[in-house]
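Peer 1: Please find the sequence and the predicted model below.
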Amino acid sequence: MKQKTDRSFDGIAAKFAHNIYSSTKGKLRQLVLLRDLAELTLLQQPCNILDVGAGQGQLALALAAQGHSVHLTDISADMLQLAQQQALLQGADNVSFAQIGLAELAVTHQHQYQLVLCHAMLEWLAQPELAIAQLRQLVAPGGVLSLMFYNKDAKRFGNILFGNFDYVAVDFQVKKKVSLNPQHPLAPTDVLQWCQQAGFRLQAKTGVRCFHDYLRDRSQQQSHFEQLLALELQYNRTEPYASLGRYQHLLLQAV
């Protein structure tokens, strides 16, 4: 069996920007996350934030525009370069950047943060359980980890709906990998258990893209985006819809 390794997006950062961040799924994800984070008490005043696996920095820069100081880290130099370019265009002087992986960050970084962001990174790592323990080292006592990960239950549900029975039967293992598709979706029950073992307490859970990915007519993702967004925001914290989100967003307090 081929050994799992952490994934970097060097060489395909521009493709990632076009296919993910500029799409309706990327826009929806950003708006859901901003809604969730806006309700955190600690963000009612200027806050020091760490964004681990920040990618091109869309969320971090949106928070910086609200007056928060954000330190962006990623293992991809290409991703960070795009984030830095956007920061210059935005005129953000309250952001900093470092090309560094989580494992090294947890060992070398001396500062703990009241808010740590880790979004859509866990499913690209070789050891996601260890990563959560490493993230805990970066969150100050009483602080919050904003964790979003690719939901294996939702991936199974969607593929069954679309008739991909053979793909489900082999537990999503294929010879030819799609470069922008997370290949290691995570079971929410596992992730929550890892978080609790690492010293986090669940504060809130949101499904991200509870309906968007299941539309029979994919053109409605664009033509009816505002209606779709309103429905996502209305129902994505309510079961069973929350658990059907293609991603799960957890707000976790360090105890």
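Peer 2: It's in.
Peer 1: thought residue 143 was touching residue 116?
Peer 2: Yes: counting by CB atoms under 8 Å, residue 116 is a contact partner of residue 143 at 7.1 Å. Any C-beta I mention is one placed from the backbone N, CA and C, and that applies to glycine too.
Peer 1: Looking at these two, which is more packed in?
Peer 2: residue 116 (24 against 20; other CB atoms under 10 Å).
Peer 1: is it true that residue 83 touches residue 54?
Peer 2: Yes: with contact defined as CB under 8 Å, residue 83 counts as touching residue 54 (6.3 Å).
Peer 1: neighbour count winner among those two?
Peer 2: residue 54 (27 against 24).
Peer 1: which one is that one nearest to, not counting chain neighbours?
Peer 2: When the adjacent residues along the chain are set aside, residue 54 lies closest to residue 72, with 3.8 Å between them (CB to CB, 6 or more residues apart in numbering).
Peer 1: How is that neighbour assigned, secondary-structure-wise?
Peer 2: Under DSSP: H, G, I helix; E, B strand; the rest coil, the three-state class of residue 72 is strand.
Peer 1: what's the distance between it and residue 227?
Peer 2: 33 Å (CB to CB, to the nearest Å).
Peer 1: and if you look at residue 93?
Peer 2: 38 Å.
Peer 1: How about residue 40?
Peer 2: With CB to CB as the criterion, residue 40 and residue 227 are 27 Å apart.
Peer 1: Over to residue 110?
Peer 2: 47 Å.
Peer 1: Of those two, which one has the most company?
Peer 2: residue 227 (10 against 4).
Peer 1: buried stuff in the longest strand seen in the chain?
Peer 2: The residue-count maximum for a strand in the chain (DSSP state E) belongs to strand 139-150. By neighbour count on 16 or more other CB atoms under 10 Å, the buried set for strand 139-150 is 139, 143, 144, 145, 146, 147, 148, 149, 150.
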